[in-house]
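3D, please:
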Amino acid sequence: MPEPAKPARRRTRSTRRAILEATQALLFELGADQLTIRRVEERSGFKAPTIYHHFRDKTGLIDALLEERCAELYAKLCRVPRRPDAVAYLLELARAYLEFGLANPGQYAPRAESAELLPSAEAARKLVFRALAEACTSRVQRGQDPEAAFQAVWAVLHGVVALRASRPDHPWRPELVGLALRTIERGIVGPEELPR
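Purely as a prediction, here's the structure:
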């Protein structure tokens, strides 16, 4: 039986959680550009030294929040059952990504251009890239660059989620998700030559 968490450890976890929740709320309300440690301090009730103790700076706060979301996304992708049909499996992964992204629109906070990929984001990327490589080899797609194909899939999926998050008031069509998945299937892993 695991030993119960020590009071200090519980306090550390609850402090960290409160700071992250305050950060998330501020990101939703103000956006990343307006997020400051002072505002997190005011919202969370914890002083700046405590915030800096848990997170090195504003970027560290955003990264910790995004890593949590990416870990949830990765767990969701890992629950997608493997299928014998590589394309069907890829499309189920894409659907899971869209469902997660549309349910969690606040996960898209900007990061520094030079920032390394977060660990869970890298794990999710590798999982989808492997599925895409299998899907491409299972169809006649001579000359398809797997990295270019991955970037195209990413652009379609991220585009749907980011646009819906940034324009929630727009009258998005219900068939958008299905059309995006068909675009991936036909245009990226489908036949090399589409009819003219």
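
Could you use CA atoms for every contact and neighbour count after this?
Fine.

Can you name the residues in contact with the helix or strand harbouring L90?
Using DSSP states H and E, the element containing L90 is helix 86-103. Surrounding helix 86-103, the residues in contact under the criterion C-alpha atoms under 8 Å, 6 or more residues apart in numbering are 73, 76-77, 80-83, 107, 128, 131-132, 134-136, 138, 157, 160-161, 164-165, 177, 181, 184-185, 189.

how far does it sit from the chain's center?
Chain-centre distance of helix 86-103: 12 Å, with C-alpha atoms, centre = their mean, to the nearest Å.

Distance check, the residue nearest the centre of the chain against S120.
When C-alpha atoms, centre = their mean is applied to the chain, the residue found nearest the centroid is C70 (4.9 Å). Plainly put, C70 is 5 Å away from S120 if you go by C-alpha to C-alpha, to the nearest Å.

swap in D33?
24 Å.

Of these two, which one has the most company?
S120 (19 against 9; other C-alpha atoms under 10 Å).

Now do the contacts for the more buried one.
Contacts for S120 (C-alpha under 8 Å, 6+ apart) come out as 67, 70-71, 74.

What helices and strands are in contact with the longest helix along the chain?
Secondary structure of the chain read by DSSP state H shows that its longest helix is helix 7-30. In this structure, helix 7-30 makes packing contacts with helix 37-44, helix 58-78, judged by 3 or more C-alpha pairs under 8 Å, 6 or more residues apart in numbering; DSSP states H and E.

Make TSV out of those helices and add distance to S14 and mean pLDDT.
Listed next are these as TSV, based on distance: least, C-alpha to C-alpha, whole Å; pLDDT from 0 to 100:
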stretch	distance to S14	mean pLDDT
helix 37-44	11	95
helix 58-78	15	92
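
Just send the ones you listed back as TSV, with distance to R95 too.
Converted to TSV, the helices and strands packed on helix 7-30 look like this (distance: least, C-alpha to C-alpha, whole Å):
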stretch	distance to R95
helix 37-44	34
helix 58-78	9
